[in-house]
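Participant: Sequence first, then the predicted structure, then my questions.
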Amino acid sequence: MSHSNKDAISAKITEIAERVGQSDAIEVVEVQILGGGKARLVRIYIDKPASVTHAVCERISREVGDILDAEEVIPGGAYTLEVSSPGIERKLSKPADFQRFIGQKAKVVLHEPVENQRSWIGTLAAVEGNLVTLEPSAGKTVQFALDQVEKANLKFEW
């Protein structure tokens with residue numbers, strides 16, 4: 001399966017999951033398509049403002065699965081569907097994710113170093129357009145563009 005093909009299928013699955021999850025204000029965080037052939041795994045991470053219960057994951061999985069089968073979205077038809085919540089250290093990928101978690105602690109890994117450092121942990125201070133401001137320590141801020149982010153996730157502190 002080519003990369004662009006995979007992206008197209010991911011986009012389709014995201015769209016279906018969003019449609020199914022609308023009534024519960026479900027946000028589709030990420031869709032992963034892993035493996036191939038009969039071992040293909042389709043994993044959907046969902047989140048919602050309150051919290052994701054097991055029952056919600058089950059309902060989304062059942063309904064999305066029905067649509068994927070009916071519309072024959074997955075080539076070959078053999079796959080495992082997994083729906084889960086990203087948990088407390090959820091991934092931040094869309095600008096809206098960064099926006100939503102302003103004031104929370106995050107770990108961010110950049111493609112290229114800012115101030116000689118690629119990996120930063122700090123409080124998300126602001127998001128303006130494409131620019132994220134992170135506060136690694138009181139009074140110190142570091143800024144980077146969203147497209148510089150290789151990966152980012154919330155950092156849970158005990």
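Facilitator: Received, thanks. Numbers count the residues shown, from 1 in each chain.
Participant: drop to CA atoms for contacts and neighbour counts, all remaining ones
Facilitator: Noted.
Participant: in this protein, which helix has the most residues?
Facilitator: helix 3-21 (DSSP state H).
Participant: elements contacting it?
Facilitator: Helix 3-21 is packed against strand 27-34, helix 54-70, with contacts defined by 3 or more CA pairs under 8 Å, 6 or more residues apart in numbering; DSSP states H and E.
Participant: tilt between the longest one and helix 3-21?
Facilitator: If I follow you right, that is helix 54-70. In terms of direction (axes from the mean of the first three to the mean of the last three CA atoms, to 10 degrees), helix 54-70 departs from helix 3-21 by 130 degrees.
Participant: Only the buried residues of the next helix or strand after helix 54-70, if you could.
Facilitator: Where DSSP states H and E defines the elements, the next helix or strand beyond helix 54-70 is strand 80-84. Judged by neighbour count using 16 or more other CA atoms under 10 Å, the buried positions of strand 80-84 are Leu81, Glu82, Val83, Ser84.
Participant: try stretch 69-87
Facilitator: Val73, Ile74, Tyr79, Leu81, Glu82, Val83, Ser84, Ser85, Pro86.
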